[in-house]
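Student: Pasting the sequence and the predicted coordinates here, then a few questions.
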Amino acid sequence: MPTRTARTAWTGTLEEGAGQVELTSSQLGTYDVSFPQRAADDANGITSPEELLGAAHSACYSMQLSAELAESGGTIEALDVAADVTLGADPAGGFRLTSIHLTVSGEVTGIDSATFLAAANAAKANCPVSKALTGVEITLDAVLED
């Protein structure tokens, strides 16, 4: 499997500095980052490590869930996955990721709600990004749409 690369160019202090994250491997874009916006309620057009991690987790989880559902005999019409990543204080000092909440709804034929929920939980456990984030509490809400 290939290695993918992103890089960040940063100038200044934590509180007054800023940077740009570049999606190097795909060359899809460069995005501004700053700590004040990272800690603010309104992102105001600035991304953060948490948002980028949420994008990675929701994409990875979607792929894993599609594999789990196919293995269970389901035919996937559509999946909608969100990952809410929360940054908070670390009791040891500084900050840490305190939680990730995955929300998924799916239009899948050929399975019932119990099978969908089992596949959703298996995907949470088997997604490579979930595995990498075992130090963070990951919760899940999953709904099979009619």
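Tutor: Received the coordinates, thanks.
Student: got a list of what the residue nearest to residue 89 when sequence neighbours are not counted touches?
Tutor: Spatial nearest neighbour of residue 89, excluding adjacent residues (C-beta to C-beta, 6 or more residues apart in numbering): residue 95 at 6.3 Å. Using the backbone N, CA and C atoms, a C-beta is placed for each residue, glycine as well. Residue 95 makes contact with 87, 88, 89 under the criterion C-beta atoms under 8 Å, 6 or more residues apart in numbering.
Student: So in the protein, which helix runs the longest?
Tutor: When the chain is parsed with DSSP state H, its longest helix is helix 49-71.
Student: Distance across stretch 23-35, terminal residue to terminal residue?
Tutor: Chord length of stretch 23-35, first to last residue, is 19 Å (C-alpha to C-alpha, to the nearest Å).
Student: Buried ones in that stretch, by neighbour count?
Tutor: The neighbour-count check on stretch 23-35 (16 or more other C-beta atoms under 10 Å) flags 31, 33, 34, 35 as buried.
Student: Ramachandran angles for the first one?
Tutor: The reference is to residue 31. With angles defined as degrees, to the nearest 10, residue 31 sits at phi -130, psi 140.
Student: Just to check, it is in contact with residue 48?
Tutor: No: using C-beta atoms under 8 Å, residue 31 is not in contact with residue 48; the gap is 9.5 Å.
Student: wait, is residue 117 part of a helix?
Tutor: Yes: secondary structure assignment (DSSP: H, G, I helix; E, B strand; the rest coil) places residue 117 inside a helix.
Student: residues contacting it?
Tutor: Residue 117 neighbours (C-beta under 8 Å, 6+ apart): 142, 144.
Student: Where do the helices of this protein begin and end?
Tutor: Applying DSSP H to the chain gives helices spanning 35-39, 49-71, 113-126, 128-132.
Student: Pull out the buried residues from the last one.
Tutor: Within helix 128-132, the residues that qualify as buried by neighbour count (16+ other C-beta under 10 Å) are 129, 130.
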